[in-house]
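Enquirer: Output the structure for:
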Amino acid sequence: MQQKAYAAGVAALLAALLAGCTGSSSADDEAADAKSGETGASASAAQPGKYRTLPEACGAIDHSTLDSLLPGIKEMADEEQREKAYAGTATVTYDTDRRVGCRWKVESTDATRHLHVDFERVVSYDATVSDDSRAEVVFATKEDAADLPEPADTGEEEASSSPSPSASAADAGSTSSGSESDSVSGSESDSASGSASASSSGALEPRVLDDLGDQAFIDDVLTTSASTARHRTVTVAFRTSNVIVTIEYDEQPATATDVPDSAEMQDRAQKLAQKLADRLAG
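Expert: Presented below is the predicted three-dimensional model:
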């Protein structure tokens, strides 16, 4: 009788254990299903980007805008050469649905100028991440690579006895309009022959732009080669939804001692960027 009772007890225990295992398995399955459901909801929330195609890069800029950016085009007497200059040269890419670009180069009596426009359509291959979110990360990486200077501190530093470089430049510009300035335009110091606007204010420094697309910045670099010839490159980049547009505008004067005007080049590049942003929005 004791053996029969023991056997019955063991059987009951095994049954309870089996029931517990079965219940645990069912609970795990339900948890997995619930997680799958959450993933599916996240995937459905990760919307595709606004843009599925890109514009034809070399046709994205009208002739009047190119006349402003590359004034040497008007100096070309040969009509065929002039039309070729307007047409630009398409950038070689492996997937025109994802990236397109165009380059222009024009030589004139006063300078040689280059213009490069690049369109990149960002696509997220993660079902839980939207194209816009992925483009935001890509653009942030691009901005970090530009190594923009920190914006001037308007707090305690203004009250200190050591004003910021941009503040010093602004003070110098307000007291002496004709003297040489040590202010920084772009990433380098300009000589007295440089931009008057740049020498009197920090407003032309590389910076984030708040009124262009969803994200934007402008960079300005003045370089000097071994031959002492100077050239300036102004870069404007902006993001609209899942498309990133980058404009590189370069000028090298014919005279080695001349310095390209930062204010003028930035103004032209930003106007082009706004036109391209408007075109994408339309």
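Enquirer: show me where the stretch 151-282 of the chain has helices.
Expert: For the stretch 151-282 of the chain, applying DSSP state H, counting those that start in this stretch gives helices covering 156-159, 165-175, 196-200, 262-281.
Enquirer: Correction: the previous question concerned the stretch 1-150 of the chain.
Expert: Secondary structure of the stretch 1-150 of the chain by DSSP H, counting those that start in this stretch: the helices cover 2-45, 63-69, 79-87, 131-146.
Enquirer: Worst mean pLDDT among these?
Expert: Least confidently modelled of these is helix 2-45, at a mean of 41 by mean pLDDT.
Enquirer: Residues in a beta bridge with Asp118, which ones?
Expert: Beta bridges link Asp118 to Gly101, Thr246, judged by DSSP bridges.
Enquirer: Surely Tyr51 touches Leu280?
Expert: Yes - with contacts counted by C-beta atoms under 8 Å, Tyr51 reaches Leu280, the gap being 7.3 Å. The C-beta positions use only the backbone N, C-alpha and C, and glycine is treated the same way.
Enquirer: residues shared between the contacts of these two?
Expert: 240, 243 (C-beta atoms under 8 Å, 6 or more residues apart in numbering).
Enquirer: and stretch 89-107, which residues are buried?
Expert: 91, 93, 96, 99-104, 106 (16 or more other C-beta atoms under 10 Å).
Enquirer: hmm, which two among these are most spread apart?
Expert: Checked with C-beta to C-beta, the buried residues of stretch 89-107 reach their widest spread between Thr96 and Val106, with 25.0 Å between them.
Enquirer: Show me where the stretch 151-282 of the chain dips below the pLDDT cut-off.
Expert: 152-202, 226-228 (pLDDT under 70).
Enquirer: can we see that at 80?
Expert: Low-confidence segments of the stretch 151-282 of the chain, defined by pLDDT under 80, are located at 151-203, 224-229, 282.
Enquirer: List the buried residues of stretch 67-82.
Expert: 69-70, 72-73, 76, 82.
Enquirer: Serialize these to CSV and add fields for distance to Val259.
Expert: Formatted as CSV, these follow (distance: C-beta to C-beta, whole Å):
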residue, distance to Val259
Leu69, 18
Leu70, 19
Gly72, 18
Ile73, 23
Met76, 26
Arg82, 28
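Enquirer: Considering those, which is situated nearest to Phe217?
Expert: Of all those, Phe217 sits closest to Leu69, with 19.4 Å by C-beta to C-beta.
Enquirer: Quick check: that closest one touching Tyr249?
Expert: Yes - counting by C-beta under 8 Å, Leu69 touches Tyr249, with 6.6 Å between them.
Enquirer: Find the residues that touch each one of these two.
Expert: 113, 115, 268-269, 272.
Enquirer: Report how many residues lie close to Glu251.
Expert: Glu251 is flanked by 24 other residues according to other C-beta atoms under 10 Å.
Enquirer: tell me the contacts of it?
Expert: Counting by C-beta under 8 Å, 6+ apart, Glu251 makes contact with 111-114, 231-232, 260, 265.
Enquirer: what two of those residues are the furthest from one another?
Expert: Thr112 and Met265 (13.5 Å).
Enquirer: quick one: which of those two has more around it?
Expert: Neighbour count, other C-beta under 10 Å: between Thr112 and Met265, Met265 has more, with 22 against 17.
Enquirer: is it true that the more buried one touches Tyr249?
Expert: Yes - applying C-beta under 8 Å as the test, Met265 and Tyr249 come out as touching, 5.9 Å apart.
Enquirer: what ranges do the strands span in the stretch 101-250 of the chain?
Expert: 111-121, 184-185, 188-189, 207-208, 215-224, 230-240, 243-253 (DSSP state E, counting those that start in this stretch).
Enquirer: so of these, which one's packed in deepest?
Expert: strand 184-185 (a mean of 25; mean count of other C-beta atoms under 10 Å).
Enquirer: which residues does Thr240 contact?
Expert: Thr240 makes contact with 50-51, 213-214, 277, 280-281, according to C-beta under 8 Å, 6+ apart.
Enquirer: Closest one to Ala127 out of these, please.
Expert: Proximity of these to Ala127 was ranked by C-beta to C-beta; the top entry is Lys50 with 18.1 Å.
Enquirer: and that closest one, what are its phi and psi?
Expert: Here is the backbone geometry of Lys50 (degrees, to the nearest 10): phi -60, psi -40.
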